[in-house]
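1. Okay, sequence plus prediction incoming.
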Amino acid sequence: MTSSASARVEGLPGRRGTSFRRVLTGSMAGAVLEWYDFAVYGVLAATVLGPLFFPGDSDIIKLLLALATQGIGFVARPLGGIVFGHLGDKFGRKPMLVTTFLLLGISTAAIGLLPTYEQLGVWATLLLVLLRLTQGFALGGEFGAAVLMVSEYGKPKRRGFWASWPQAGAPLGTVLATVVVSAVALVFPGDAFDQWGWRIAFLVALPLLVIGFWVRRSVEESPVFQAAQLRAAEAPETAQADPTTVGPHRSSSVLEALRNPRPVLHGLGMRLGENIAFYIYTVFVIAYATTYFGYERSDVVLAVTFASAAQFAGMIGGGAWSDKVGRKTAMLVPSVLLVVWAPLFFVLVQQESLPLLWLGTCIGAGLHGMLAGPEAAWITELFPTRRRYAGSSLVFQGSSIIAGAPAPFIAVWLIDSFGVGMVVGYLVVTMLITVIAVATSRETRGSDLDRVE
């Protein structure tokens, strides 16, 4: 970079530390809304949405169709990651941060306004599917933008800590969804909740949307992306053909990330076990404990709610720890512990003791949080600026569809077909892949996000 470029980069607003609080608040609002939507749809799909939006005489078929609609959102996430990843590396992080958040909030709230199958027929079902696809498409680009903005704004010495906050939106969103659905069901019990009260849970997305949009709209572009734009502006003729620059002339950063697959493969490998562990300890455990051991559903949901609090603490603590000991150590320790904990967790659940169930879920979720907290900074640091959005989105969203989305279904099929031992094996093997991926990757703590390669 020339001396004039260096001076101008140092003078960028983000370099003076302004707006970071807004960046963090806006990123957290999106992450909380993302996981609030996921959790609230999951709870209501199992209780309300099946009968209201899917025809037929079988309650089981209605439930399965409602849950399948939940899975449709995952299908659109990689597509959203590709589209917004490409656009974010061309035109900047901020436009994607605002666009994806609007799409996400509006589509979530719109579900609360949908007419039912009885009122509109098959069009109601199709509209629900369309809104779920829109949500998934927006989510595919939203999380990458949120993590990148925080990472590229934050001070390098504390990047692991600050980048873990958007990650921590997952447990916060889960807790918020549980609290909102429980509160609405308490205020409007019985038929009132089943007929119209459930809509309130989706419409809660509106105030989150207004607050988040106001915050995100006032955030300035990432200083790292601005610096890359300045470099391109100082040599516009070279920039047209130079693959190390950013801007509208750029070729696809998605294709470039795929042509340099090593960091993508490391990220996918790391996220494989981490994703599956998340769904085992927060989603599968509800069906497993209530179906096979007679736990009350409300007791298990409460245990998962407190486990989400442990997960939140683990994420923030893990992110901060990675700033001290490095990303690899901070992720390897919980990865290995999760391998060891997998069989112990199932032993605890099988004791049919509520305190032991709480212990198993809280420790499992807490260890998962320690692993997931540092990964936001780590994945961000794997990629240079020109393909960072695309590369991180491929990792985040690609792993969601190959690991996260099918995990509860695979676990249910394994236990029904082969017994609990196969579920333990499934969790252990995938966690070992995570251990190998982290162990063979490079240490990224302290990486310069301004680097061109």
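-> Right, received. Where do you want to start? Numbers count the residues shown, from 1 in each chain.

2. So for stretch 285-300, first residue to last residue, what's the gap.
-> Criterion CA to CA, to the nearest Å; first-to-last residue distance in stretch 285-300 is 8 Å.

3. buried set for it?
-> For stretch 285-300, burial by neighbour count (16 or more other CB atoms under 10 Å) applies to 285-290, 295, 300. In this view, the C-beta of every residue, glycine as well, is placed from N, C-alpha and C.

4. Redo those residues as JSON lines? Include pLDDT.
-> Conversion of the buried residues of stretch 285-300 to JSON lines gives the following (pLDDT from 0 to 100):
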{"residue": "285", "pLDDT": "88"}
{"residue": "286", "pLDDT": "81"}
{"residue": "287", "pLDDT": "79"}
{"residue": "288", "pLDDT": "87"}
{"residue": "289", "pLDDT": "89"}
{"residue": "290", "pLDDT": "83"}
{"residue": "295", "pLDDT": "87"}
{"residue": "300", "pLDDT": "87"}
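
5. Low-confidence ranges, the chain, go.
-> Residue ranges of the chain with pLDDT under 70: 1-19, 46-47, 56-68, 70, 232, 234-251, 451-453.

6. And it, split by domain according to the record?
-> Under the assignment automatic domain parsing, the domains of the chain span 15-219, 251-441.

7. Same list (the ones you listed) but as a markdown table, adding distance to residue 228.
-> Listed next are those as a markdown table, based on distance: least, CB to CB, whole Å:
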| stretch | distance to residue 228 |
| --- | --- |
| domain 15-219 | 9 |
| domain 251-441 | 5 |
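
8. Of all the ones you listed, which one is nearest residue 226?
-> For these, the distance to residue 226 is smallest for domain 15-219, at 8.3 Å, taking CB to CB.

9. Tell me which other helices or strands the one helix or strand residue 24 maps to touches.
-> Following DSSP states H and E, one finds residue 24 within helix 20-44. Using 3 or more CB pairs under 8 Å, 6 or more residues apart in numbering; DSSP states H and E, the elements in contact with helix 20-44 are helix 59-91, helix 93-111, helix 122-153, helix 159-167, helix 169-187, helix 198-203, helix 205-217.

10. Residue 387: which of these is closest?
-> For these, the distance to residue 387 is smallest for helix 59-91, at 6.0 Å, taking CB to CB.

11. just checking, what packs against whichever strand or helix holds residue 50?
-> According to DSSP H and E, residue 50 maps onto helix 50-53. Counting contacts by 3+ CB pairs under 8 Å, 6+ apart, helix 50-53 is packed against helix 59-91, helix 117-120, helix 122-153.

12. Deepest in the core, which of the ones you listed is it.
-> Highest mean neighbour count of the helices and strands packed on helix 50-53: helix 122-153, a mean of 24 (counted as mean count of other CB atoms under 10 Å).

13. nearest to residue 225, of the domains of the chain?
-> If we rank the domains of the chain by CB to CB, the stretch that ends up nearest is domain 15-219, at 5.4 Å.

14. quick one: the closest one to chain centroid distance?
-> Remark: domain 15-219 is offset 10 Å from the chain centroid, using CA atoms, centre = their mean, to the nearest Å.

15. what does stretch 215-226 give?
-> Chain-centre distance of stretch 215-226: 21 Å, with CA atoms, centre = their mean.

16. Buried residues of it, list them for me.
-> For stretch 215-226, by 16+ other CB under 10 Å, it's 215-216, 219-226.

17. for stretch 339-348, same thing?
-> Neighbour counts over stretch 339-348 (16+ other CB under 10 Å) mark 339, 341-342, 345-346, 348 as buried.

18. sorry, back to before: now the helices and strands packed on helix 50-53 as JSON lines including distance to residue 404?
-> Formatted as JSON lines, these follow (distance: least, CB to CB, whole Å):
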{"stretch": "helix 59-91", "distance to residue 404": "7"}
{"stretch": "helix 117-120", "distance to residue 404": "29"}
{"stretch": "helix 122-153", "distance to residue 404": "12"}
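
19. right, so of these, which gets closest to residue 50?
-> helix 59-91 (3.5 Å).

20. Please name the residues that touch residue 346.
-> Going by CB atoms under 8 Å, 6 or more residues apart in numbering, residue 346 touches 420, 423-424.

21. Residue 422 too?
-> Residues in contact with residue 422 (CB under 8 Å, 6+ apart) are 414-415.

22. Only alpha carbons, please: show stretch 194-202 as PDB.
-> What follows is stretch 194-202 as a C-alpha-only set of coordinates in PDB (Å, rounded to 0.1, in the frame of the first residue of the first chain):
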ATOM      1  CA  ASP A 194     -54.200 -22.400  18.900                       C
ATOM      2  CA  GLN A 195     -56.500 -20.100  16.900                       C
ATOM      3  CA  TRP A 196     -54.700 -16.800  16.900                       C
ATOM      4  CA  GLY A 197     -52.400 -16.300  20.000                       C
ATOM      5  CA  TRP A 198     -49.500 -18.100  18.200                       C
ATOM      6  CA  ARG A 199     -49.300 -15.300  15.700                       C
ATOM      7  CA  ILE A 200     -48.000 -13.000  18.400                       C
ATOM      8  CA  ALA A 201     -44.900 -15.100  18.700                       C
ATOM      9  CA  PHE A 202     -44.000 -14.400  15.100                       C
END
